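> Could you look at this predicted model? Sequence included:
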Amino acid sequence: MGKIYYKTESEIEKIHQSSLIVSNTLAEVGKSIEPGITTVELDKIAESYILSRGAKPAFKGYRGFPGTLCVSVNAQVVHGMPGLYKLKEGDIISVDCGAVLDGWYGDSAYTFAVGKISDEIKQLLKVTKEALQLGVNAAIEGARLGDVCSAVQQHAESHKYGVVRELVGHGIGRSLHEGPDVPNYGKRGNGMKLVRGLVIAIEPMINMGKKEVNQEDDGWTITTKDGLPSAHFEHTVAIAKGKPEILTTFEEIEKTKAAQL
Ligand code: MG
Ligand code: MG
C-alpha cells in the first residue's frame, strides 16, 4: 500500500477538476459505444478529449500501459488494453479512465452495454453500481474504511456474485495510486478512521460467477477464471461530514444510450 496523503480544501478542488474531465471523457466515449466500433477507436476519442481540456491521460505510459483507457469486455475484469476488437451486440465493456490536470489525478470507470444485453447481465451491472453507491454512502467522516469495504461486499454477495480480491480501490491525489488500499471486501468497524482530507477511489469489480481471476499473457488484462462476465464502476470520493462528496459524476454518462440504468 502506498503512503497516505491528506489534502487541503484547494487540493480537493483540483482533484475535483480532473475528476470532472474524466467523467466527461467517459460520457464522450459512451456516445460512441455501439456494435462495430473497435476499442482502440474509443481510446482515441478519450485521448483527444482529455488533451482538448488541457489535461493528460493518466494511464498512458503508466508502468508502460499503452492506452488512455482500460477497456475490459465481458469476462475481462479490468486493465484490458485498447485494440482491434470490434464491439458486438450483447457485449458489456468496462471503460476505466484517469486524467491528470495541474499535477492532480482523477479516476473513474463505468460499465456500458453494447446494444441489447441479457437481463442477467443487466442485473450484474445494476447490482455492481448499487454496490459502488453503498460503498460511497459509507465513506463519510468518522466512519471506518472497513465500513466502505463491507458495504460493497455485502451487497454483491447478497446477489451471489463473486467479489474480486486481487484488485482494490485506492487513495488518489498527486499520484494515481496512493494509500490507503480500498478493498471491495472487509469488516464493518475495521480499518482506519475516515477524515476530511482523505480522497479515495472506490471501485467494485464484481463477477457474475466466482471471484477468482487470471492475468492474461499480455501482462495486463485481468479475466474471470470461469469465463463469466464481470462489471466495474468507480468514483473518486472526498471524505466529508454527513454526506459523501463524489468528485466524479455519472450524470452525463447516463444520458448516453450505452449506459444501462
Ligand atoms: Mg480507474
Ligand atoms: Mg482506480
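Yep, that arrived. Ligands and ions are numbered 1, 2, ... in the order given.
> Flag every residue of the stretch 151-261 of the chain that's near ligand 1.
Neighbours of ligand 1 within the stretch 151-261 of the chain, by C-beta under 5 Å from the ion: E234. Placement of C-beta: from N, CA and C, glycine included.
> mind running it again at 6 Å?
By C-beta under 6 Å from the ion, the residues of the stretch 151-261 of the chain that approach ligand 1 are E203, E234.
> would you list every one of the strands in the stretch 151-261 of the chain?
Remark: strands assigned in the stretch 151-261 of the chain by DSSP state E, counting those that start in this stretch are 162-163, 169-171, 178-182, 199-202, 205-207, 213-215, 222-224, 230-232, 235-238, 245-246.
> Measure how far the third one is from the centre of its chain, please.
Strand 178-182 has its average C-alpha position 14 Å from the chain's average C-alpha position, going by C-alpha atoms, centre = their mean, to the nearest Å.
> re the thing from before, how about the strands of the stretch 151-261 of the chain, which one is nearest R53?
For R53, the closest of the strands of the stretch 151-261 of the chain is strand 235-238, at 16.2 Å, according to C-beta to C-beta.
> re earlier: mind putting the strands of the stretch 151-261 of the chain in TSV, mean neighbour count and mean pLDDT included?
Shown next, in TSV, are these (neighbours: other C-beta atoms under 10 Å; pLDDT from 0 to 100):
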stretch	mean neighbour count	mean pLDDT
strand 162-163	20	98
strand 169-171	24	98
strand 178-182	20	98
strand 199-202	27	98
strand 205-207	29	98
strand 213-215	16	97
strand 222-224	22	98
strand 230-232	29	98
strand 235-238	26	98
strand 245-246	19	98
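> Indicate which one of these is closest to H16.
Closest approach to H16 among the strands of the stretch 151-261 of the chain (C-beta to C-beta): strand 235-238, 7.6 Å.
> Pull up the residues of the stretch 151-261 of the chain that are close to ligand 2.
Counting by C-beta under 6 Å from the ion, the stretch 151-261 of the chain sits next to ligand 2 at H170, A201, E203, E234.
> and which of those residues is nearest ligand 1?
If you rank these by distance to ligand 1 using C-beta to the ion, E234 comes first, at 4.8 Å.
> ok, which stretches of the chain are helices?
Remark: helices assigned in the chain by DSSP state H are 9-32, 39-52, 119-138, 145-158.
> Out of the ones you listed, which is closest to C97?
When these are compared by C-beta to C-beta, helix 9-32 sits nearest C97, at 5.1 Å.
> And the average pLDDT for that closest one is what?
Across helix 9-32, pLDDT averages out at 98.
> so does it get close to ligand 1?
No. Figure legend: helix 9-32 not in contact with ligand 1 (C-beta under 6 Å from the ion); closest approach 8.4 Å.
> What distance do you get for the nearest residue to G103 once chain neighbours are set aside to G98?
Computed as C-beta to C-beta, 6 or more residues apart in numbering, the closest residue to G103 that is not its neighbour in sequence is R174, at 5.9 Å. Distance, R174 to G98, using C-beta to C-beta, to the nearest Å: 13 Å.
> With K86 instead?
The spacing between K86 and G98, counted by C-beta to C-beta, is 25 Å.
> Between the two, which is the more surrounded one?
Neighbours per residue (other C-beta atoms under 10 Å) separate K86 from G98, with G98 holding more: 31 against 13.
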